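Undergrad: whatever this is, show me its structure:
(2 chains)
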Amino acid sequence: DVKVTQSSRYLVKRTGEKVFLECVQDMDHENMFWYRQDPGLGLRLIYFSYDVKMKEKGDIPEGYSVSREKKERFSLILESASTNQTSMYLCASSPTYPEGTQYFGPGTRLLVL
Amino acid sequence: QKEVEQDPGPLSVPEGAIVSLNCTYSNSAFQYFMWYRQYSRKGPELLMYTYSSGNKEDGRFTAQVDKSSKYISLFIRDSQPSDSATYLCAMIGIVGSNYKLTFGKGTLLTVNP
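TA: Numbering: from 1, shown residues only, chains lettered A, B, ... in the order given. A predicted model of the protein is given here:
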């Protein structure tokens, strides 16, 4: 079974802090994704990566950056956390994009105070 | 008009009921259609994947696609409390100049014992 793990289930950070969210997949997938999920807004794509060191902006990249140094690991970075970044963050991986099944991690619920 | 419209619910039904979940879309370029299920505090997981117009059945679940009406549905027969979850439709096709995956906002379903 494909497994996608996220480093934290819950995080509380202060405004202005630098925040790292990490995601690891064990199925050698080329593609990895970061979404945020908010009530009434659904899933929104922040960034995705189609190969090591390659990335593309999604629909809402502002305030975020990403890093993919190894195939299995995809990190989301909030350079200076703000309260409007309080959200559920979901990582996913997929063997192909966009047709491939997306395998999601359990999510990280981030609260920025 | 939004690309993908999905009634957010919440939808509450008694155990054993037939459930109908629906999405409409405006982009005739959408080619692939999926339903993801997301349990509380978990990431979404793929439930059904269809390509052509018509019905696809998997156990108690039937996915229906009507491309002429730009309408997809997920039917759940003999619904169970374990079906209580948020159901997200997803579609793949050309949006603007990109070939991409687009999610609906999700419908929260509760099946009451």
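Undergrad: right, and the helix or strand after the lengthiest strand in chain A?
TA: Using DSSP state E, we find that the single longest strand of chain A is strand A:42-51. The C-terminal neighbour of strand A:42-51 among helices and strands, as given by DSSP states H and E, is strand A:54-57.
Undergrad: partners of that next one, with directions?
TA: Sheet pairing of strand A:54-57 (DSSP bridges) gives strand A:42-51 (antiparallel).
Undergrad: need the contact partners of the longest strand of chain A.
TA: Strand A:42-51 has contacts (C-beta atoms under 8 Å, 6 or more residues apart in numbering or on different chains) with A:30-38, A:55-61, A:64-66, A:68, A:71, A:74, A:76, A:90, A:97, B:6, B:44, B:88, B:103-106. For glycine as for every other residue, the C-beta is placed from the backbone atoms N, C-alpha and C.
Undergrad: now do that strand, average pLDDT.
TA: Summarised as a single mean, pLDDT over strand A:42-51 is 94.
Undergrad: distance of the residue in chain B that chain A sits nearest to from A:Phe104?
TA: When scored by C-beta to the nearest C-beta, chain B has B:Gly43 as its residue closest to chain A, at 3.0 Å. Between B:Gly43 and A:Phe104 the distance, using C-beta to C-beta, to the nearest Å, works out to 3 Å.
Undergrad: same question, A:Leu41
TA: 17 Å.
Undergrad: of the two, which one has the most company?
TA: A:Phe104 (25 against 11; other C-beta atoms under 10 Å in any protein chain shown).
Undergrad: thought the more buried one was touching A:Val4?
TA: Yes. Using C-beta atoms under 8 Å, A:Phe104 is in contact with A:Val4, at 6.2 Å.
Undergrad: hey, what's in contact with both of these two?
TA: What both A:Phe104 and A:Val4 touch, as defined by C-beta under 8 Å, 6+ apart, is the set A:Cys91, A:Ala92, B:Gly43.
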